[in-house]
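Chemist: After the sequence you'll find the predicted model.
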2 protein chains.
Amino acid sequence: MKAEIIAVGTELLMGQIVNSNAQFIAQRLNEMGLSHHIQTVVGDNPERLIAVIQQAEQRSDIIILTGGIGPTRDDLTKECLGEYLNEELVIDSESLENVKASFKGRVMVSSNEKMAATLANGDLMPNDNGQAIGTVIEKNQHLYLIFPGPPKELQAMFRNYGQDYIRQWLNEDLVIKSRYLRFFGIGESLLADKLDDLIRNQENPTLATYASDYTITVRITASAQTQEEADGLIADMIAKIEAIAGEYIFGEGEHISPAHALQNKLKADHLRIAFAESLTAGLAADLLASVPGASAVLEGGLVTYSRQAKQRLLEIPKDLLDSEGMVSEACARAMAEKTREKFASDIAVSFTGVAGPDSLEGHKPGTVFVGFAYKNGHTQVKSYHFNGNREAVRHRVVYAAYLELIN
Amino acid sequence: MKAEIIAVGTELLMGQIVNSNAQFIAQRLNEMGLSHHIQTVVGDNPERLIAVIQQAEQRSDIIILTGGIGPTRDDLTKECLGEYLNEELVIDSESLENVKASFKGRVMVSSNEKMAATLANGDLMPNDNGQAIGTVIEKNQHLYLIFPGPPKELQAMFRNYGQDYIRQWLNEDLVIKSRYLRFFGIGESLLADKLDDLIRNQENPTLATYASDYTITVRITASAQTQEEADGLIADMIAKIEAIAGEYIFGEGEHISPAHALQNKLKADHLRIAFAESLTAGLAADLLASVPGASAVLEGGLVTYSRQAKQRLLEIPKDLLDSEGMVSEACARAMAEKTREKFASDIAVSFTGVAGPDSLEGHKPGTVFVGFAYKNGHTQVKSYHFNGNREAVRHRVVYAAYLELIN
């Protein structure tokens, strides 16, 4: 059984947006074990769109269309599929009420009614994050699904309705479950290498790795007759992965970030943290604060970017800076200890080093010292050498420090 | 004359990466005034790739392929095009030397030689950011170009070599030039509305708008017989745009960020800056530091996330916090003034407000006060109300403060 994705929208051909919907759906199809060989992008042009649907039908069983169901004249995806399949479009009255309600007294032009349209012989898929409803129809041994273009609307509609239609149609009474392990501190190819035996012999569960934002995700997907059986298969696989590369795991969940994992850990331990940042210049505090709920764990921080700021704000002795340098274990130690004291926090973490592109005090870009000062008077300094450009170095050292605190 | 983009790579079908190459090339094709109606993604499968090339050829004149030219067995784009066109593949000896040199004494397996392959009757395109060379060939009234998959390699090859081949082939002796204006503080639809007359009547120069990272880019592209004529056309258009929406422009250049623009401005004025950050928690300092050269302008900053940190580190009087609240003009003023004093900087900027999702001190998410304290003793506080989620609010207020300093 093959699926195919057609994204409709002139804004994609203009390069105004990137086709993230294709990536999202591709991931879901892979989770469901569905093959998928082709993705197409076509503009809001009826003739070309219909030609593309025709070609797709010859290659694939499930045709997934995204975009072109908004209120403007250009939005014609439902109209084109209806015309091509010789199926009537109707306005769903309940959905139309929702569209009207969203105008809250403002004048609604009639073209907005289109957003409530569906194929008379198909089913509608509600839009939990917007107005334009989706539609699904089975015809001529094919399943056709139409989703909205805005990613938030598409994602909710796909997860909440679309994938059930696909499973039903596949006559799939298997349970499919996925879990996601998140890794930091190891390259994607090295991780794949370590997991090589598991990846080569994968059948059920299947494994897939993705790299993004300096971290790696491993997806484990199992299909089984029952929920319990699927859970068991996944748990066994996770145990094997943890035995091989557990030290690089910072959390579990598709959308968990290192900051998320750190916040959870600090909350669980009832600890409050402060940072002293030189090369990272606020990034460590910023990322932790980007996750809602940060006020329970984040006390604050000092960005001592210049030498003067280290002396004035952190009272690092001039002698120390002269003899040891700013990029040194001694400086990282003093920064962490002084910061913990000033903020009266349970932990303080300091960062000093070279982000690049230039060297500093004779140290190459990527050299970083990180200090960890604890309330009990204990302080530890770790040194790192990272590859990559300025932004890679700054992010990698922050994630390395987070990982140190999590594990 | 029509162009078409075919991206080759199973990692795209797996959803491991997003097809940003299609977006990049689409933007360049639009700049060149070339129509482009279809984009396709296909896996590393010779049969399907050849079928897609065949279809593309029936619709389009210029076929642009990306990906599948690396060293692995799966990488077969050049082989497939050669087979389809009945053209011989040859190894370019100079490029092979480059590939070998990149191994620096490590063992190179023979499959790496493929990266130096090109079509015997075509031209090779050098890879300025990697090893796998590109290739271009004109045959049967069509132009075929093959680029590498990694975005950095593709972008350099397209700009440095690819687009010249396309122009030559189009027999284009027109000069095409683009300039990019960058906007913040206005929504994309409102900006498009303001520029509506210019956009509707566009012919030469053409205008296009893109939104990303809370900012908007307007691209102005002119074609003309001479460089000077193109420059003149663009300059006239920019003058019109500035008259309409100049207050929202923070800089010029495709890749200039608000932080970049602020760094330039502070450097030009020989000013050093410090930040006091509550809800932004280091983001304002971090973004400024993300651009190389920050040490010339960034003194440092204080992240006073908790109430206690505001009292301990910035010595904000408890009375002030009790009577006015943390989210107040008075608090923003005190934070900015105290920070300027502590860092002995020329300017200090403070941020206090509500990022959300919860309200704080009765203020809704999006309410922010920003203080600007100057060395001459002058202090100004501006209040804002932003829409959007936590991350949108935090970024928007930082960019708003940057814009205030730039203009």
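Modeler: Received the coordinates, thanks. Residues are numbered from 1 along each chain as shown, chains lettered A, B, ... in the order given.
Chemist: Look up the closest residue to the residue in chain A that chain B sits nearest to, ignoring the ones flanking it.
Modeler: Closest contact between chain A and chain B, by C-beta to the nearest C-beta, is at residue A:282 (2.5 Å). Yep, even glycine has a C-beta here, placed from its N, CA and C like the rest. Leaving aside its chain neighbours, residue A:282 sits nearest to residue B:282 (2.5 Å; criterion: C-beta to C-beta, 6 or more residues apart in numbering or on different chains).
Chemist: Let me know whether that neighbour touches residue B:303 as I believe.
Modeler: Yes: proximity of residue B:282 to residue B:303 meets the contact threshold set by C-beta atoms under 8 Å, at 4.8 Å.
Chemist: anything in contact with each of these two?
Modeler: By the contact definition C-beta atoms under 8 Å, 6 or more residues apart in numbering or on different chains, residue B:282 and residue B:303 are jointly contacted by A:275, A:282, A:285, A:301, A:303.
Chemist: show me the contacts for the residue of chain A closest to chain B.
Modeler: Counting by C-beta under 8 Å, 6+ apart, residue A:282 touches A:301, A:303, B:275, B:277, B:281-286, B:289, B:301, B:303.
Chemist: let's go with 7 Å and repeat that
Modeler: Each residue near residue A:282 by C-beta atoms under 7 Å, 6 or more residues apart in numbering or on different chains is listed here: A:303, B:282-283, B:285-286, B:301, B:303.
Chemist: hang on, the earlier thing: keep only those of the shared contacts of residue B:282 and residue B:303 that are in strands.
Modeler: Of the positions in the shared contacts of residue B:282 and residue B:303, A:275, A:301, A:303 sit in strands, assigned by DSSP state E.
Chemist: before we move on, the earlier item: which among the shared contacts of residue B:282 and residue B:303 gets closest to residue B:151?
Modeler: Closest approach to residue B:151 among the shared contacts of residue B:282 and residue B:303 (C-beta to C-beta): residue A:282, at 27.9 Å.
Chemist: per-residue confidence for that closest one?
Modeler: Confidence at residue A:282, expressed as pLDDT, is 98.
Chemist: cool, residue A:30 as well?
Modeler: Checking the pLDDT column for residue A:30, the value is 88.
Chemist: Buried residues in stretch A:162-179, which are they?
Modeler: Residues A:162-163, A:165-167, A:169-170, A:172, A:174-175, A:177-179 are the ones in stretch A:162-179 that count as buried (16 or more other C-beta atoms under 10 Å in any protein chain shown).
Chemist: cool, and stretch A:378-390?
Modeler: Neighbour counts using 16+ other C-beta under 10 Å place A:379, A:381, A:384, A:386, A:390 of stretch A:378-390 among the buried residues.
Chemist: Could you give the bridge partners of the first one?
Modeler: Going back to what we said before, that points to residue A:379. Beta-bridge pairing for residue A:379 (DSSP bridges): residue A:373.
Chemist: in the stretch 51-200 of chain A, which spans are strands?
Modeler: Under the criterion DSSP state E, counting those that start in this stretch, the stretch 51-200 of chain A contains strands at A:62-66, A:89-91, A:117-119, A:123-125, A:134-139, A:142-147, A:175-183.
Chemist: could you dump the ones you listed to JSON lines with mean pLDDT?
Modeler: Formatted as JSON lines, the strands of the stretch 51-200 of chain A follow (pLDDT from 0 to 100):
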{"stretch": "strand A:62-66", "mean pLDDT": "98"}
{"stretch": "strand A:89-91", "mean pLDDT": "96"}
{"stretch": "strand A:117-119", "mean pLDDT": "97"}
{"stretch": "strand A:123-125", "mean pLDDT": "97"}
{"stretch": "strand A:134-139", "mean pLDDT": "97"}
{"stretch": "strand A:142-147", "mean pLDDT": "98"}
{"stretch": "strand A:175-183", "mean pLDDT": "91"}
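Chemist: now the ones you listed in a markdown table, with distance to residue A:26?
Modeler: Below are those laid out as a markdown table (distance: least, C-beta to C-beta, whole Å):
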| stretch | distance to residue A:26 |
| --- | --- |
| strand A:62-66 | 10 |
| strand A:89-91 | 28 |
| strand A:117-119 | 25 |
| strand A:123-125 | 19 |
| strand A:134-139 | 18 |
| strand A:142-147 | 14 |
| strand A:175-183 | 14 |
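Chemist: now these as JSON lines including distance to chain B?
Modeler: Shown next, in JSON lines, are those (distance: least, C-beta to the nearest C-beta, whole Å):
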{"stretch": "strand A:62-66", "distance to chain B": "13"}
{"stretch": "strand A:89-91", "distance to chain B": "25"}
{"stretch": "strand A:117-119", "distance to chain B": "23"}
{"stretch": "strand A:123-125", "distance to chain B": "21"}
{"stretch": "strand A:134-139", "distance to chain B": "20"}
{"stretch": "strand A:142-147", "distance to chain B": "15"}
{"stretch": "strand A:175-183", "distance to chain B": "13"}
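Chemist: which helices and strands does the helix or strand hosting residue A:209 pack with?
Modeler: Taking DSSP states H and E as the criterion, residue A:209 maps to strand A:206-212. If you count contacts as 3 or more C-beta pairs under 7 Å, 6 or more residues apart in numbering or on different chains; DSSP states H and E, strand A:206-212 packs onto helix A:188-194, strand A:215-224.
Chemist: ok, of these, where does mean pLDDT dip lowest?
Modeler: For those, the weakest mean pLDDT is recorded on helix A:188-194, namely a mean of 84.
Chemist: got the contact list for that one?
Modeler: By C-beta under 7 Å, 6+ apart, the residues outside helix A:188-194 that reach it are A:183, A:199, A:209, A:211, A:216, A:244-245.
Chemist: same thing but at 6 Å, please
Modeler: The contact list for helix A:188-194 (C-beta atoms under 6 Å, 6 or more residues apart in numbering or on different chains) reads A:209, A:211, A:216, A:244-245.
Chemist: try stretch A:27-44
Modeler: Taking C-beta under 6 Å, 6+ apart as the rule, stretch A:27-44 contacts A:2-8, A:10, A:12-13, A:22, A:48-49, A:52, A:68, A:74, A:176, A:178, A:221, B:13-15, B:37-43, B:48.
Chemist: And for stretch A:131-142?
Modeler: A:57, A:61, A:69-70, A:85, A:95, A:99, A:102, A:115, A:118-119, A:122-125, A:127, A:144-148, A:157, A:165.
Chemist: What parts of chain A come near chain B?
Modeler: Proximity of chain A to chain B, by C-beta under 6 Å from any C-beta of the partner chain, involves residues A:13-16, A:18-20, A:23, A:26-27, A:30, A:36-43, A:48, A:210, A:281-283, A:285-286, A:289, A:292, A:298-301, A:303-306, A:309, A:357, A:390.
Chemist: The most far-flung residue of chain A relative to its centre in helix, strand or coil?
Modeler: The centre of chain A is farthest from one residue, residue A:319, which by C-alpha atoms, centre = their mean lies 45.8 Å away. Under DSSP: H, G, I helix; E, B strand; the rest coil, residue A:319 falls in the helix class.
Chemist: Now do the same contact list for residue A:212.
Modeler: The neighbourhood of residue A:212, defined by C-beta under 6 Å, 6+ apart, contains no residues.
Chemist: Can you give me the first-to-last residue distance of stretch A:250-265?
Modeler: Across stretch A:250-265, the terminal residues are separated by 10 Å (C-alpha to C-alpha, to the nearest Å).
Chemist: hang on, I meant stretch A:363-383
Modeler: End residues of stretch A:363-383 are separated by 12 Å (C-alpha to C-alpha).
Chemist: Residue A:261: helix or strand, and which one exactly?
Modeler: Counting by DSSP H and E, residue A:261 is found in helix A:258-269.
Chemist: Next one, pLDDT for the residue nearest the centre of chain A please.
Modeler: Among the residues of chain A, the one closest to the centroid is residue A:255, at 5.1 Å (C-alpha atoms, centre = their mean). pLDDT for residue A:255: 86.
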